[in-house]
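> Model the structure of this input:
(chains A and B)
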Number of protein chains: 2
Amino acid sequence: MYKKVGERMKIHINLKKTEDKSYDILIDSIKQINIPTKALIVTNPKVAGLHLNYLLPKLQAKELYIATLPDGEEYKTLKYVEFLLDRMFEHRLDRKSVLVAFGGGVIGDITGFTASIYQRGIEFIQIPTTLLSQVDASVGGKTGINNRFGKNLVGAFWQPKAVYIDPFFLSTLPKREFLAGIAEIIKMAVMFDREFFEWLETHRLDDTEKIKYAIKRSVELKAKVVAQDEKEKGLRASLNYGHTFAHVIENETEYKKFLHGEAVAIGMVMANRLAQKKGLLTPQEANRVLKLLKEYGLPTCYEVKDPVKFYEQFFLDKKTQESKIKFVLPKGIGDFVITADIKKDEVIEVLEEFKRC
Amino acid sequence: MYKKVGERMKIHINLKKTEDKSYDILIDSIKQINIPTKALIVTNPKVAGLHLNYLLPKLQAKELYIATLPDGEEYKTLKYVEFLLDRMFEHRLDRKSVLVAFGGGVIGDITGFTASIYQRGIEFIQIPTTLLSQVDASVGGKTGINNRFGKNLVGAFWQPKAVYIDPFFLSTLPKREFLAGIAEIIKMAVMFDREFFEWLETHRLDDTEKIKYAIKRSVELKAKVVAQDEKEKGLRASLNYGHTFAHVIENETEYKKFLHGEAVAIGMVMANRLAQKKGLLTPQEANRVLKLLKEYGLPTCYEVKDPVKFYEQFFLDKKTQESKIKFVLPKGIGDFVITADIKKDEVIEVLEEFKRC
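Next up is the predicted model:
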């Protein structure tokens, strides 16, 4: 056997991919959630005050604990991940325990990330309570936290075990937040589904059944994209329609003036202008999107004081080192292109149009 | 289309498993490592001082940075993960950048974990410099850090992109550390490969070629186990042979008296006594293992002052809530059983034998 020595010393490690990361999203009033192990609900005082009395009678676990984080994006940090980990160890959660994210996007992001690293990963369940997190954060498995270098720069891809989207929670959502969520629904329609866009043009989201349908369609569309590109290597970029512009707007206004969905609404209008210039969108189509956004009172203009400075901020994203920006543009309604083939001048021209609102 | 409303609102998310987590382990002198992107080497001052001048001429990257962590298990904490993340953001590493873990198990664990959460995961390469990390930590994808609740309690399963096992680094390894690494090699042979055990009985690991062969065989055996059970749901537990006892020994001696491999050597002897009691191992087989461990000067006895207290510490592992301990026991040489069917009295009887060394 010793004679084997001298053969090429290279070993190929082949890992099976048997892991099942599939899960269900239920869009309905929560009936009953049974967790056969220990569970920790992660929430914030606002959501807890409004909705824990609704959730608790429906949630059974072997042992149930609650941890609250202060409310706000500024607490989505490693410090609060550590805070959650400490609670989990104190309650002696084990590898079979489950975290329950009960709140908006911030709660979902930090809870999912904490679940992904506790004892190398435990299950988590999402119960999103805002329209934005119901249509957006509940699909895709992106978790993450912020640090002084930027947003969502540290995190993991970690899929929930189940998502419960209950429209009841929307009843207490401030109207402005609700409308901002609709911007992401419109985004999905413009990118992927002309028929859904037409449905949105002819149905106002003013009752639970219609809201449920719009959430369902958005989630289905996003699920289709994510299933094909879990780790954001290509297709998934299409979800960033409006976001390239929105991020600069949010930065310039220090995340204070606009809610995320509002900035995305403006970003879509900007992207549409660029799409028109490239002959991808007719003025009529651009107008239909504009009209729909306005119907929900979403902002559609932002005063770009310095177009060149605005443009340069595209390159400050810490996640990219590339010298070319990729734009996601609608190609008619219901289809899109992702292109890096846009000249600086063309973008500046569009931004010039936004010098006055 | 609106008539669709009212249908069951349940969406099943089906994720493709196209991700390739396979990688190569090279057991040989490093010739050339080419990284086409930015890279950050993570190491400690000791390894840097001894071996960076060997590694650097062989390592090409688009941009190369070095970060050093203080040497020691006590620095494998979230605080130093944050330290690494800060360096990475300062150097503007992006999603295509690569971390290089250059050191022993501590460096491998913290570097792998940091890679797993930077921008939701980037690649890392392992260049283990101790025998233990070469045979053990280089396969399996377990990464992690310690906290006040225990060891490796926070982490991720994250596979390296490549592992370079270069025996050159062993030339400066203290003899005691080298021998402790051999304990893990013997462990693999007893569990999985009678022929390899016989080879070890007849070949002393005193030259590079034999060491390379022993590493290769250990890595192959571990790779086979991990490929079948990446996330430690069953079979992988077999790698814990000797470890259940070793952890208690390490705890009682506060990780000061024994190196990990030394504690594992004693743990194997204890497990073998239990295996004998259960009729799984003959006295002759147990003696052969004992003899091999002794040949390398490994400790084979630990004075159990209070067997009952020792036994109770099995249940303090934060990772388990189960009331039954699973023991990994050899079944002859080259095979094993994992059993929860061991009475407390039987274990105590074995521990009583170790009251005097």
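
> all contacts plus neighbour counts: C-alpha atoms, from now on.
Will do.

> What average pLDDT does stretch A:204-219 get?
Mean pLDDT, stretch A:204-219: 95.

> any idea which helix or strand carries residue A:39?
According to DSSP states H and E, residue A:39 maps onto strand A:33-43.

> The longest helix along chain A packs against which elements?
Using DSSP state H to define each element, chain A has its longest helix at helix A:208-228. In terms of contacts (3 or more CA pairs under 8 Å, 6 or more residues apart in numbering or on different chains; DSSP states H and E), helix A:208-228 is packed against strand A:23-27, helix A:175-192, strand B:10-13.

> List the beta-bridge partners for residue A:27.
residue A:165 (DSSP bridges).

> Isn't it up against residue A:164?
Yes: under the criterion of CA atoms under 8 Å, residue A:27 makes contact with residue A:164 at 6.3 Å.

> Tell me which of the helices and strands packed on helix A:208-228 lies nearest to residue A:274.
Comparing those by their distance to residue A:274 (CA to CA), the top pick is helix A:175-192, with 14.8 Å.

> can the closest one be found next to chain B?
No: using CA under 8 Å from any CA of the partner chain, helix A:175-192 never reaches chain B; the gap is at least 14.1 Å.

> For that helix, what is the distance to the chain centroid?
How far helix A:175-192 lies from its chain's middle: 12 Å, per CA atoms, centre = their mean, to the nearest Å.

> in it, what's buried?
Within helix A:175-192, the residues that qualify as buried are A:177-192, counting by 16 or more other CA atoms under 10 Å in any protein chain shown.

> what angle separates the helix or strand following that helix from helix A:208-228?
The helix or strand immediately downstream of helix A:175-192 is helix A:194-202, counting by DSSP H and E. The directions of helix A:194-202 and helix A:208-228 differ by 150 degrees, with axes from the mean of the first three to the mean of the last three CA atoms, to 10 degrees as the criterion.

> which stretches of chain A form strands?
Here chain A has its strands, by DSSP state E, at A:10-13, A:23-27, A:33-43, A:59-68, A:98-103, A:123-128, A:142-147, A:150-157, A:162-165, A:327-330, A:336-339.

> Return the member of the buried residues of helix A:175-192 nearest to chain B.
residue A:189 (14.1 Å; CA to the nearest CA).

> Please name the residues that touch the residue nearest to that closest one when sequence neighbours are not counted.
Among residues not flanking residue A:189 along the chain, residue A:197 sits closest, at 4.9 Å (CA to CA, 6 or more residues apart in numbering or on different chains). Counting by CA atoms under 8 Å, 6 or more residues apart in numbering or on different chains, residue A:197 makes contact with A:186, A:189-190, A:333-334.

> How many residues are close by residue A:90?
11 (other CA atoms under 10 Å in any protein chain shown).

> Can you give the contact residues for stretch A:158-173?
A:21-30, A:50-51, A:112-113, A:116, A:123-131, A:134, A:138, A:140-143, A:178, A:208, A:211-212.

> If we use 7 Å, what do you get?
Here stretch A:158-173 makes contact (CA atoms under 7 Å, 6 or more residues apart in numbering or on different chains) with A:21, A:23-30, A:112, A:116, A:123-131, A:134, A:138, A:141-143, A:208.

> Give the rounded mean pLDDT of it.
In this model, stretch A:158-173 has a mean pLDDT of 95.

> coming back round to it: out of the strands of chain A, which comes closest to residue A:239?
With respect to residue A:239, and counting by CA to CA, the nearest of the strands of chain A is strand A:327-330 at 8.2 Å.

> mind checking pLDDT for the closest residue to residue A:181 other than its chain neighbours?
Using CA to CA, 6+ apart and skipping residues adjacent in sequence, the residue nearest residue A:181 is residue A:132, 4.2 Å away. As predicted, residue A:132 sits at a pLDDT of 95.

> What residue spans form the domains of chain A?
Domain assignment for chain A by automatic domain parsing gives A:24-171, A:175-353.

> tell me how far the ends of the last one are from each other?
Looking back up the chat, that one is domain A:175-353. From its first residue to its last, domain A:175-353 covers 30 Å (CA to CA, to the nearest Å).

> for the shortest one, same thing?
Its start and end residues considered, domain A:24-171 measures 24 Å (CA to CA).

> Let me have the contacts of residue A:197 in a markdown table, adding distance to residue A:261 as columns.
Listed next are the contacts of residue A:197 as a markdown table, based on distance: CA to CA, whole Å:
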| residue | distance to residue A:261 |
| --- | --- |
| A:186 | 10 |
| A:189 | 15 |
| A:190 | 15 |
| A:333 | 19 |
| A:334 | 19 |
